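Novice: sequence and computational prediction follow.
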Amino acid sequence: MSNIHQLRQYTGGSQKGDGGSGPEDPMLEQRVARLEADVSEIKTSVKSIEVTLAEIKGKLSQAPSWLQLIGVVISTWMAGAGIVLAIIKYAK
């Protein structure tokens, strides 16, 4: 018991704004309940963020690669050039 009293004397005991006076604090249960509610909200927010990230990852995995995009552009240009050459050939 004397060690506890010495510790309280050393730390200055319970002061205003220090967050309570330990296990004998009558507000401890309310504070813990509020913390548990806050943690529950945080968990819900984190799950929502995880779902959003999974959706983004899924969309990105279906996006074409740079090589595919370059192939589409070159194919379009080649098809356009072929059409232009065909029009020139038949216009003569």
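Specialist: Sure, I can see it. Keep in mind the model is a prediction, meaning the values are calculated, not measured.
Novice: select the helix or strand of this structure having the lowest average pLDDT value.
Specialist: Here the helix or strand of the chain ranked lowest by mean pLDDT, DSSP states H and E is helix 2-11, holding a mean of 52.
Novice: tell me which helix or strand comes right after that one.
Specialist: helix 28-62 (DSSP states H and E).
Novice: now that following helix: average pLDDT?
Specialist: For helix 28-62, the mean pLDDT works out to 94.
Novice: next one: that helix to chain centre, how far?
Specialist: 9 Å (C-alpha atoms, centre = their mean, to the nearest Å).
Novice: now the element after it, going C-ward?
Specialist: Defined by DSSP H and E, the subsequent element after helix 28-62 is helix 66-91.
Novice: starting at the chain centroid, how far to that following helix?
Specialist: 43 Å.
Novice: what is the mean pLDDT for it?
Specialist: Rounded mean pLDDT across helix 66-91 is 95.
Novice: phi, psi for Met27 please.
Specialist: Phi and psi for Met27, reported as degrees, to the nearest 10, are phi -90, psi 0.
Novice: for it, the count of nearby residues, please.
Specialist: Met27 is flanked by 11 other residues according to other C-beta atoms under 10 Å. For glycine as for every other residue, the C-beta is placed from the backbone atoms N, C-alpha and C.
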